[in-house]
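> Predicted coordinates and the sequence they were generated for:
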Amino acid sequence: MIIDPNTFERFNAVLTGVIVPRPIAFVSTMAPDGVVNLAPYSFFNAVSYSHVVFSSSRHVGNKSKDTLRNIEETGQFVVNIVVDPIADAMNATAAEYPEGVDEFEIAGLTHAPSQIVKPPRVAESPVNIECELDQIIQIGSGREGDGNRHASIARGFAGLVQHPIDAVDFLLDRIGDRIGNRFRRCAGIDGCDRHRRRDDVRILADRQEEI
């Protein structure tokens with residue numbers, strides 16, 4: 001069977017259904033006027049030993065995305081790793097809210113000061129990666145609606161681990177294994193509308209455009 005993205009109606013679900021799992025970037029940003037935004041994105045990964053990337057739409061309907069605009073204007077953001085205890089809170093932030101609404105409050109999550117960047121981190125997340133923007137790349141040609149998505153590539157230069165893992169383990173690059181054993185990390189599967197833990201699958205709200 002040959003699936004042509006130009007003719008197959010649900011090609012996006014096929015593509016995102018076979019490239020799994022995809023870790024979720026729970027991104028906190030801050031506008032120049034101090035207004036904070038928090039939103040999840042399921043197209044996220046590390047692209048080198050020092051850089052991370054996540055993809056975001058520029059617009060949803062007629063509304064511009066706060067996350068991308070804030071990153072463009074300030075050059076800073078925090079990726080907060082999502083684990084099962086905060087999965088429902090993460091899902092709550094995927095809805096559309098009026099500009100100026102604090103998604104931390106909507107989700108019942110706690111602002112915590114970052115070490116280097118201005119945007120706050122999510123205190124309930126076990127790992128927070130503070131990031132400084134390197135570049136934003138438009139994805140697609142920009143013609144006929146293609147090109148609404150943009151990839152933000154950033155240098156992750158401060159990682160705060162909310163767990164008593166000793167410095168030796170950190171320096172030996174064992175932190176990922178240790179966190180993986182102690183926390184159930186969430187990842188997007190099957191067309192962005194579900195996330196997988198180690199031992200089950202849970203349905204999330206159908207917010208593919210946001211996530």
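Cool, got the structure.

> what bits of the protein have low per-residue confidence?
59-64, 141-148, 158-211 (pLDDT under 70).

> Tell me where it has helices.
Under the criterion DSSP state H, the chain carries helices at the ranges 11-18, 66-74, 87-92, 103-107, 167-171, 175-182.

> Stretch 37-54: which residues count as buried?
By neighbour count, with 16 or more other C-beta atoms under 10 Å as the criterion, the buried positions of stretch 37-54 are 37-44, 52-54. All C-beta spots, glycine's among them, are computed from the backbone N, C-alpha and C.

> just stretch 26-34 next, same as before
26-31.

> Straight-line length of that stretch, end to end?
19 Å (C-alpha to C-alpha, to the nearest Å).

> if we can go back for a sec, could you dump the buried residues of stretch 26-34 to JSON lines with distance to Ile86?
Formatted as JSON lines, the entries for the buried residues of stretch 26-34 read as follows, by distance: C-beta to C-beta, whole Å:
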{"residue": "Phe26", "distance to Ile86": "8"}
{"residue": "Val27", "distance to Ile86": "14"}
{"residue": "Ser28", "distance to Ile86": "13"}
{"residue": "Thr29", "distance to Ile86": "18"}
{"residue": "Met30", "distance to Ile86": "20"}
{"residue": "Ala31", "distance to Ile86": "23"}
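
> Among these, which ones are in strands?
Among the buried residues of stretch 26-34, DSSP state E puts 26-30 in strands.

> any chance of the residues you listed in a markdown table, plus distance to Phe157?
Compiled in a markdown table, those are given as follows (distance: C-beta to C-beta, whole Å):
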| residue | distance to Phe157 |
| --- | --- |
| Phe26 | 18 |
| Val27 | 16 |
| Ser28 | 16 |
| Thr29 | 16 |
| Met30 | 17 |
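
> tell me which of those is nearest to Ile81?
Among those, Phe26 lies closest to Ile81 (C-beta to C-beta), at 7.2 Å.

> Contact partners for that closest one?
38-40, 79-82, 86, 90, 93, 122, 125 (C-beta atoms under 8 Å, 6 or more residues apart in numbering).

> What subset of these is buried?
The neighbour-count test (16+ other C-beta under 10 Å) applied to these identifies 38-40, 79-82, 86, 90, 93, 122, 125 as buried.

> Tell me the one among the residues you listed nearest to Glu132.
Taking C-beta to C-beta as the measure, Glu132 sits nearest to Val79 out of these, at 11.9 Å.

> Nearest residue to the closest one in space, ignoring adjacent ones along the chain?
On the basis of C-beta to C-beta, 6 or more residues apart in numbering, the spatially nearest residue to Val79 that is not a chain neighbour turns out to be Ile129, at 4.4 Å.

> thought the one you found was touching Pro119?
No - counting by C-beta atoms under 8 Å, no contact exists between Ile129 and Pro119, whose distance comes to 11.6 Å.

> list residues touching both of these two?
In contact with both Ile129 and Pro119: Val78, using C-beta under 8 Å, 6+ apart.

> Look up how far Leu133 lies from Ala92.
26 Å (C-beta to C-beta, to the nearest Å).

> These two: who's more crowded?
Counted by other C-beta atoms under 10 Å, Ala92 and Leu133 do not tie: Ala92 has more neighbours, with 18 against 15.
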